[in-house]
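Q: Got a predicted structure here, sequence first:
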Amino acid sequence: MNKIPVILDGDPGHDDAIAWVLAKASGLLDIRAVCTVCGNQTIEKTSYNARRICTLIGLDVPIGMGSDKPLISARRMAASVHGQSGLDGPILPEPSMEISPLPAAQLMAKVLRESAEPVCIVPTGPLTNVATLLLSHPELKEKIRCISLMGGGIAHGNWTCAAEFNILVDPEAAKIVFESGVPILMAGLDVTEKALIFPADFDRVRAVGNRVAAVVADWLEFFYHFHRKLGYAGAPVHDAVAVAALIRPELLEYKDLFVQIETQGEYCRGATVGDLLGTTGKAPNVRAAMCIDRAGFADLLVEAVRAYGGGREA
Ligand code: BDR
Ligand code: CA
């Protein structure tokens, strides 16, 4: 089977990192580039983390650094979730790969231009880089097969009542992406808050016994304890769902919806407003994942770390 060409674009971040572990392990994706965006932490920190993650998992592809701020909004970060480094917890290897001389959107453009087949973009942070790409290279839109993103929530938000973090950080970018006409697979909070990982799951991950498994188990444990304090039953591994949607779509249930991004609201800026009742009469622009086979998702993470070899069998 032909691998799906992809560009990973995120703000790592524990769940971004786990998403990338999954993407590299699956064997179904041909990762052509990694891009970084400012979100969970500053662009310097997310880029440093991206280099450390790529070193850990042996992912040797160009890494394009994004802008140091959203398109229009002031910077907003999530140190309370991911720590001061943006990826607190286990010690990671010092990076063995450098940042590309091409900034993120230009690197994306190069990958698209040079690819014989259309490429999927997997954004797991704010959509600043993807919007910049669409604004600067509208002619390359046809080369984007789909955008499988983590962001938004049809039912509710997590940083405000109405808005999820990735969309809230850069709503103008999200509006450009959602209005682009490119097929969008949306892993919003509706599904990602059901992608819960429990201690029994990260114990299985750890038991695999290799270096990547140990680090992923520590990331999951870190994420679990943070979310328990907020009242979650387990750790929602949001960003990994955007990768699962490409490699194991049967784990998810979807709804096709017309989704608009609120950029003006007094209370709802950054909301992903989904037309659940068809009141707008507009054709769907988004395939929104709404449910996930949680046990299958946990098994997928265990299988993923096994692919890094060298340990005990779980
Ligand atoms: C999103 O916000 C970030 O903190 C996570 O990495 C994820 O992409 C969840 O709202
Ligand atoms: Ca993220």
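A: Good, I have the coordinates. Ligands and ions are numbered 1, 2, ... in the order given.
Q: what about the helices in the protein?
A: With DSSP state H as the criterion, the chain has helices at 14-26, 43-57, 79-82, 104-114, 128-136, 165-169, 171-178, 189-192, 199-207, 211-229, 238-247, 294-306.
Q: Out of those helices, flag the one nearest residue 287.
A: Shortest separation from residue 287 across the helices of the chain is recorded for helix 238-247, at 8.7 Å, computed as CB to CB. All C-beta spots, glycine's among them, are computed from the backbone N, C-alpha and C.
Q: rank the helices of the chain by pLDDT, which is bottom?
A: Among those, helix 79-82 carries the lowest mean pLDDT, a mean of 89.
Q: hmm, that helix touching ligand 2?
A: No. Under the criterion of CB under 5 Å from the ion, helix 79-82 makes no contact with ligand 2; the nearest approach is 8.5 Å.
Q: Run the chain-centre distance for that helix.
A: Centre-to-centre, helix 79-82 and its host chain are 16 Å apart (CA atoms, centre = their mean, to the nearest Å).
Q: Export the helices of the chain as TSV, with columns for distance to residue 271 and mean neighbour count.
A: As requested, the helices of the chain are exported to TSV (distance: least, CB to CB, whole Å; neighbours: other CB atoms under 10 Å):
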stretch	distance to residue 271	mean neighbour count
helix 14-26	21	26
helix 43-57	24	23
helix 79-82	20	18
helix 104-114	25	21
helix 128-136	17	24
helix 165-169	8	28
helix 171-178	9	24
helix 189-192	11	24
helix 199-207	31	18
helix 211-229	22	20
helix 238-247	17	27
helix 294-306	26	19
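Q: quick one: contacts for the residue of the stretch 101-250 of the chain found nearest ligand 1?
A: Distance from ligand 1 to each residue of the stretch 101-250 of the chain (CB to the nearest ligand atom) is smallest for residue 165, at 3.7 Å. With contacts defined as CB atoms under 8 Å, 6 or more residues apart in numbering, residue 165 is in contact with 39, 78, 158, 159.
Q: For residue 149, see how far away the nearest residue to residue 205 once chain neighbours are set aside is.
A: For residue 205, ignoring the flanking residues on the chain, the nearest one in space by CB to CB, 6 or more residues apart in numbering is residue 217 at 4.5 Å. Relative to residue 149, residue 217 is positioned 26 Å away (CB to CB, to the nearest Å).
Q: Number of residues surrounding the closest residue to residue 41 other than its chain neighbours?
A: In space, and not counting its chain neighbours, residue 41 is closest to residue 86: 3.1 Å by CB to CB, 6+ apart. By other CB atoms under 10 Å, 28 other residues sit near residue 86.
Q: my guess is residue 86 contacts residue 40, does it?
A: Yes. The criterion here is CB atoms under 8 Å, and residue 86 meets it with residue 40 at 5.0 Å.
Q: Write out the residues of the stretch 101-250 of the chain neighbouring ligand 1.
A: 124, 125, 150, 158, 164, 165, 166, 238, 239 (CB under 6 Å from any ligand atom).
Q: Let's see that with 5 Å instead.
A: Within the stretch 101-250 of the chain, the positions near ligand 1 by CB under 5 Å from any ligand atom are 150, 164, 165, 238, 239.
Q: Take the helices of the chain and write them to CSV, including distance to residue 276.
A: Shown next, in CSV, are the helices of the chain (distance: least, CB to CB, whole Å):
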stretch, distance to residue 276
helix 14-26, 26
helix 43-57, 33
helix 79-82, 28
helix 104-114, 32
helix 128-136, 25
helix 165-169, 18
helix 171-178, 16
helix 189-192, 11
helix 199-207, 31
helix 211-229, 27
helix 238-247, 20
helix 294-306, 23
